[in-house]
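Visitor: Predicted model and sequence below, questions to follow.
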There are 4 protein chains.
Amino acid sequence: MPFTKPLPSYLVQRYHGWKATTYDENKSWYRRLADEGQRPRAMVISCCDSRVHVTAIFGADQGEFFIHRNIANLVPPYEPDGDHHGTSAAVEYAVTALKVAHIVVLGHSNCGGVQGCMDMCTGHAPQLEEKTSFVGRWMDILRPGYEMVKDIEDPQERVRALEKRSVVTSMENLMSFPFVKDAVDAGELTLHGLWNDIGEGGLEQFDGTEFVAI
Amino acid sequence: MPFTKPLPSYLVQRYHGWKATTYDENKSWYRRLADEGQRPRAMVISCCDSRVHVTAIFGADQGEFFIHRNIANLVPPYEPDGDHHGTSAAVEYAVTALKVAHIVVLGHSNCGGVQGCMDMCTGHAPQLEEKTSFVGRWMDILRPGYEMVKDIEDPQERVRALEKRSVVTSMENLMSFPFVKDAVDAGELTLHGLWNDIGEGGLEQFDGTEFVAI
Amino acid sequence: MPFTKPLPSYLVQRYHGWKATTYDENKSWYRRLADEGQRPRAMVISCCDSRVHVTAIFGADQGEFFIHRNIANLVPPYEPDGDHHGTSAAVEYAVTALKVAHIVVLGHSNCGGVQGCMDMCTGHAPQLEEKTSFVGRWMDILRPGYEMVKDIEDPQERVRALEKRSVVTSMENLMSFPFVKDAVDAGELTLHGLWNDIGEGGLEQFDGTEFVAI
Amino acid sequence: MPFTKPLPSYLVQRYHGWKATTYDENKSWYRRLADEGQRPRAMVISCCDSRVHVTAIFGADQGEFFIHRNIANLVPPYEPDGDHHGTSAAVEYAVTALKVAHIVVLGHSNCGGVQGCMDMCTGHAPQLEEKTSFVGRWMDILRPGYEMVKDIEDPQERVRALEKRSVVTSMENLMSFPFVKDAVDAGELTLHGLWNDIGEGGLEQFDGTEFVAI
């Protein structure tokens, strides 16, 4: 297979640094996690964006959070049609196998995926409308959200509102999964919506009506 | 929306701690990342598992890696059918919009998703065969990999082999995306396959034929 | 001393976060506590169990409670034989030096120490009977309590009864210390017995005869 | 039993506040901890002092740390004589039953127990020399530490040095327990020594030779 290449040496070097320090100081814990399995308290659904590090923000170490990351932290509606659904599989595994106590949906500012959705919905990104555009078809999940924010005049405010809609849309779609709704109704699972301002380091929380700084 | 709850207070406390230290010490960089956009050098595709922290292993900071995490670090084959494909969208965005130089697929030991696939393929998990099982349908991506390892007698060796097949399968499927293949052929993108031994802190690299320790 | 290791880095990070927030916001109080000494209103005797946080349950801040934690929140009988008695020393310091107004003994559900005592007393844990078993010898304090609950048929009810006996036994043993009895008789000290249901978040109080929900 | 009294109403009120908020928001996690048992990553041995809150300093929530608290965070030497040894029982349970990965000994400034030991060793506290003094007999554990610091001239420096000796003495005594030594030698357990400056919020770490700020 000619397409595989050796890892860049700066990453090899960093790995050996981690192995000699963090791993070495914590190896009994890591071995136990390997032997006994993970027991994370929460699932986090966040964006692939390189600027969003939920483990840093929450001082988390190995074993604490089960983390799914996709474009724009979206959860599609429940659709058990026999196809591959990576996000739905992650949610199913977290709730039914790991029995996490919390699902945290973490949105963020300056989200390229959300901006793409805005461009697409306002007619400025015809290429995203094509059937073959994976990003476009993925961002279709957020189209109903666009309808709710399209009348906001200020463009920056409008895109922030859409970023926050991506969090609420995901929470609403989560509730369309029977096993999520059952766990929430039984008091076994709570949902939490957050939005992170990357530049300012801010964190806002959805209180059921709006996002408020925590 | 009555199902949303305030964030557990220990996480609120930890966030404020991060804000006052890590954020405060790096805010000019975070602001620049927010203003100018991300420019990650690599995309990493890893598992949701709480025990796998690619940022820790590679000492990564905000802005370095565009990270997609799903069950068993799988990439499905190219299938532009107009449906939602979260993984394919993430790959498309990383390669065509962000123009990352590397894609790293990071598998790991003790993977619950891979174990589920093994159970399903050997007839020990009929519930995963149901059409409505998102985990089962997602792990279908790895079924061809099972065929390649099923004759290994030692059960632990067999499941490790399947964990590594999940990495190679993803790399092969990545090459089925025209924009990935074009970028690889043009020398603009390299693919890397890794497997992390959680308990031992080991890291092995796919050299085109087998996995060797780095 | 080669066995000492650096603190795991996630804890270092969290400490710096606490220092920059909670400490910084309260430093005049902490400095005064350091300069003038502590003046806690109550001593709490609770279990080492990671699931029992008396400071959380009672919203306590620094300076409020003098807290002794041991296996199964036990106080041994008064025995001034010149040996090391950590629990008796803590009680003596709290009552005679700090002159606390209350001693709260806080038991809890799902207590591993109490379960061990039950196993030992019913002959299911011979290893705990060995002279060298510190846990076994410590749980000897609760043996008389076992005699009082052994006829309860339902195993779960029986162990709950023993958990509550551990609280009452400790209160009775506290009264065997002359300085405790004198302070109680003089109206300078009151004793309180509590039992916390971890899963349900319940709290029951000993009223001299039985435990009732508060 | 006439000596038991109802809990002060301000504590009853705070409990109900905790139940309605923190408990309610986290009850699925607390229920799971109750059902499945605790799996703390570390044991912490700290002082009863009301000014030392390890959970606050490290942003810890229920389930993270198994905490033993006694006067001056002391561990006595291994002495399996069949008597009640609360500290040794807690260490035995943490290491052999819970298999914690770390033991953290946390000392602190302005420690009344250590000051008492200093007074006793310098002949200023004859009452602590009496056989019936539980505090005196408990602080005997630290007498060898006094010998190592007695030549420091500045009284405040001398008592700080003794506070830090209490941490190192405990670590050395921990190593006298066969099951601790075995776990350390096998790489399954690491020991960590810390000293907290209450007034300044500082934290220093023992590096095998001296304490350095972290």
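Guide: On my side now, so go ahead. Numbers count the residues shown, from 1 in each chain, chains lettered A, B, ... in the order given.

Visitor: in chain A, which spans are helices?
Guide: A:9-18, A:24-36, A:54-57, A:86-92, A:112-121, A:126-129, A:134-139, A:143-149, A:155-174, A:178-185 (DSSP state H).

Visitor: any chance of the ones you listed in a markdown table, plus mean pLDDT and distance to residue D:131?
Guide: Quick note: C-beta positions are derived from backbone N, CA and C, even for glycine. Shown next, in a markdown table, are the helices of chain A (pLDDT from 0 to 100; distance: least, CB to CB, whole Å):
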| stretch | mean pLDDT | distance to residue D:131 |
| --- | --- | --- |
| helix A:9-18 | 94 | 54 |
| helix A:24-36 | 92 | 41 |
| helix A:54-57 | 92 | 54 |
| helix A:86-92 | 98 | 64 |
| helix A:112-121 | 97 | 74 |
| helix A:126-129 | 97 | 84 |
| helix A:134-139 | 97 | 77 |
| helix A:143-149 | 96 | 76 |
| helix A:155-174 | 97 | 66 |
| helix A:178-185 | 97 | 60 |
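
Visitor: Domain boundaries for chain A, per the record?
Guide: A:7-37, A:38-213 (automatic domain parsing).

Visitor: for the shortest one, how far is the first residue from the last?
Guide: So that's domain A:7-37. Taking CA to CA, to the nearest Å, domain A:7-37 runs 28 Å from one end to the other.

Visitor: Show me what counts as buried in that domain.
Guide: For domain A:7-37, the neighbour count (16 or more other CB atoms under 10 Å in any protein chain shown) marks A:7-8, A:11, A:15, A:18-19, A:22-23, A:25-34 as buried.

Visitor: related to what we said a few turns ago, out of the domains of chain A, deepest packed?
Guide: Mean neighbours per residue, mean count of other CB atoms under 10 Å in any protein chain shown, is largest over the domains of chain A for domain A:38-213, with a mean of 21.

Visitor: on that earlier part again, out of the helices of chain A, flag the one nearest chain C.
Guide: helix A:24-36 (5.1 Å; CB to the nearest CB).

Visitor: Give me the distance from that closest one to the chain's centre.
Guide: Computed by CA atoms, centre = their mean, to the nearest Å, the chain-centroid distance of helix A:24-36 equals 27 Å.

Visitor: Extract the CA atoms of it and return them as PDB.
Guide: Extracted in PDB, the C-alpha atoms of helix A:24-36 (Å, rounded to 0.1, in the frame of the first residue of the first chain):
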ATOM      1  CA  ASP A  24       5.000   6.600  33.100                       C
ATOM      2  CA  GLU A  25       3.600   8.600  36.000                       C
ATOM      3  CA  ASN A  26       0.100   7.200  35.400                       C
ATOM      4  CA  LYS A  27       0.600   3.800  34.100                       C
ATOM      5  CA  SER A  28      -1.100   1.900  36.800                       C
ATOM      6  CA  TRP A  29      -4.300   3.900  36.100                       C
ATOM      7  CA  TYR A  30      -4.000   3.400  32.400                       C
ATOM      8  CA  ARG A  31      -3.500  -0.300  32.900                       C
ATOM      9  CA  ARG A  32      -6.500  -0.500  35.100                       C
ATOM     10  CA  LEU A  33      -8.600   1.400  32.500                       C
ATOM     11  CA  ALA A  34      -7.400  -1.100  29.900                       C
ATOM     12  CA  ASP A  35      -8.200  -4.100  32.100                       C
ATOM     13  CA  GLU A  36     -11.500  -3.100  33.600                       C
END
